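> give me a model of this one.
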Amino acid sequence: MSLQERTEPGSDEGARKVAGAAVRLEGVRKSYGDVAAVDGVDLEIREGEFFTLLGPSGSGKTTTLRLIAGFERPDAGRIELGGRDVSNLPPYARDVNTVFQDYALFPHMTVAQNVAYGLRVKGVRRRERDSRVEEVLRRMRLPGLGKRKPVQLSGGQRQRVALARALVNRPEVLLLDEPLGALDLKLRQEMQLFLKSLQQDLGITFVYVTHDQDEALTMSDRLAVFNHGRIEQLGSPAEVYERPQSAFVAGFVGVSNEIERAGRHYAVRPEKIHMRDAGSAPSGGMHAETGRIRDVVYAGMVTRFHVQLDRGDTIQVARQNLEQTSHEDEGMRGERIRVGWRREHTVAVAEPDGTQDGSGAENQTEEEI
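Next up, the predicted model:
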């Protein structure tokens, strides 16, 4: 039986799980003393989806993952896995496995023994155990490394062993708690692509926790942005990035300029803003303002210009380094310029007090933005 051939816990061996949501949370709350770590979260994660819980430290994303895993019990609300209420079930009674940032490999065991550990605990016979270990190591691109100890592996290889140990149990849902946090940047980027490819190949639901916005945008089918124990926005990476519904989301997911016009707050991404000489005529269909370049920051593929607008705001403009040299960009410091952006790239965002509805700016007048 392959990794895709999984059955519902407690069912007959041939039974299949009924199609529907892989994970559902309804009004889930969890407090520690006076602090509400998870504050009334409603969430539905689809089968076969790569879903990310994104947010800063203390936002509630990790606690939500631990509630799904069974490491924590909710104070209120309901948690379902495959349509089954598991709110009060222990971790071992849930068809999920968790991969942690620190790998948690047994140093005295070989790679194969580490991967097979969960199968041994379940009483799986040795012949089947060996076959499943060999299969999952091949999928993890670790063939021939079964006899090595964890200390003999690279960081990326150890991470894949931790993944193999979780996947060999054939869970319906794989939970990943910032698993790439200990890796260097290049290896982390390689592992992001590997994880996404693996998830698509296996068809298993991945629920991924991270504070890294680039990681979330790169891998997710959908993501939920957490803040103070609540979900601020849920949607595809493009929806969350292009149409943030609050000032928090606009500022946390990527870089965003927040400006206030006519008592309303708007967000516009730095890469959507064009720069021209101050004396140039505004382009048709664009909102334009004048200002002065206060600072220039070279960042490899792009240069970031910090512009003080005449109307008082300071904004950031990102320009890809295609033709101009870094020396030419540096020479622009102090210049007066005209900046402009298309109105469809301007998004009205709600403040934390909820005074705005977060709707787009397409219907606002030119005077407002």
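
> all strands for the stretch 251-369 of the chain, in order.
Secondary structure of the stretch 251-369 of the chain by DSSP state E, counting those that start in this stretch: the strands cover 257-261, 264-268, 274-277, 286-299, 302-309, 314-320, 336-342, 347-348.

> so for Leu54, which of these sits nearest?
Closest approach to Leu54 among those is made by strand 264-268 (17.3 Å; Cβ to Cβ). The C-beta positions use only the backbone N, C-alpha and C, and glycine is treated the same way.

> what mean pLDDT does that closest one get?
Mean per-residue pLDDT for strand 264-268: 90.

> that strand pairs with which strands, and in what direction?
In the sheet containing strand 264-268, the strands it pairs with under DSSP bridges are strand 257-261 (antiparallel), strand 347-348 (antiparallel).

> most packed of those?
Each of these was scored by mean neighbour count; the highest is strand 347-348, a mean of 22, by mean count of other Cβ atoms under 10 Å.

> hang on, Thr346 packs against Val268?
Yes: using Cβ atoms under 8 Å, Thr346 is in contact with Val268, at 5.1 Å.

> mind telling me what element the nearest residue to Thr218 once chain neighbours are set aside is part of?
In space, and not counting its chain neighbours, Thr218 is closest to Gln192: 5.2 Å by Cβ to Cβ, 6 or more residues apart in numbering. Element membership for Gln192 (DSSP states H and E) is helix 185-202.

> show me the contact partners of the next helix or strand after that helix.
Heading C-terminal from helix 185-202, the first helix or strand you meet, by DSSP H and E, is strand 205-210. Strand 205-210 is contacted by residues 22-23, 45-54, 61-62, 65, 68, 172-181, 195, 199, 216, 219-220 when judged by Cβ atoms under 8 Å, 6 or more residues apart in numbering.

> which among those count as buried?
Buried by 16 or more other Cβ atoms under 10 Å: 22-23, 45, 47, 49-54, 61-62, 65, 68, 172-180, 195, 199, 216, 219-220, out of the contacts of strand 205-210.

> tell me which of those residues fall in strands.
Under the assignment DSSP state E, the buried ones among the contacts of strand 205-210 contribute 22-23, 45, 50-54, 173-177 to strands.

> please identify which of those is nearest to Gly118.
In terms of Cβ to Cβ, no member of those lies closer to Gly118 than Leu174, at 13.0 Å.

> bridging across strands, which residues link to the closest one?
Here Leu174 sits in beta bridges with Asn97, Phe206, as judged by DSSP bridges.

> surely it is in contact with Val99?
Yes: using Cβ under 8 Å, Leu174 is in contact with Val99, at 6.9 Å.

> what residues are shared contacts of the two?
By Cβ under 8 Å, 6+ apart, Leu174 and Val99 have these common neighbours: Ala166.

> about what we covered before: for the ones in strands among the buried ones among the contacts of strand 205-210, which one is nearest Gly331?
Here the nearest of those to Gly331, counting by Cβ to Cβ, is Leu54; it sits at 38.5 Å.

> so for that closest one, what's the pLDDT?
Reported pLDDT at Leu54 in the predicted model: 97.

> ok, it touching Lys61?
Yes: assessed by Cβ under 8 Å, Leu54 is found in contact with Lys61 at 6.8 Å.

> so what sits against both of the two?
Going by Cβ under 8 Å, 6+ apart, residues that sit against Leu54 and also against Lys61 are His211, Phe226.

> gap between the closest residue to Thr63 other than its chain neighbours and Gln200?
Leaving aside its sequence neighbours, Thr63 sits nearest to Ala37 (Cβ to Cβ, 6+ apart; 4.3 Å). Distance of Ala37 to Gln200, computed by Cβ to Cβ, to the nearest Å: 32 Å.

> go on, Met332?
Met332 sits 44 Å away from Gln200, going by Cβ to Cβ.

> try Leu185
23 Å.

> and these two? Which one has more around it.
Neighbours per residue (other Cβ atoms under 10 Å) separate Leu185 from Gln200, with Gln200 holding more: 13 against 7.

> hmm, back to that, and Thr346 and Val268? Which one has more around it.
Neighbours around Thr346 and Val268, counted as other Cβ under 10 Å, are more numerous at Val268. The numbers are 25 against 22.

> let me see the contact set for that one.
So, once contact is read as Cβ under 8 Å, 6+ apart, Val268 ends up touching Ser256, Asn257, Ile259, Ile315, Trp341, His345, Thr346, Val347.

> I am finished for the moment; much appreciated.
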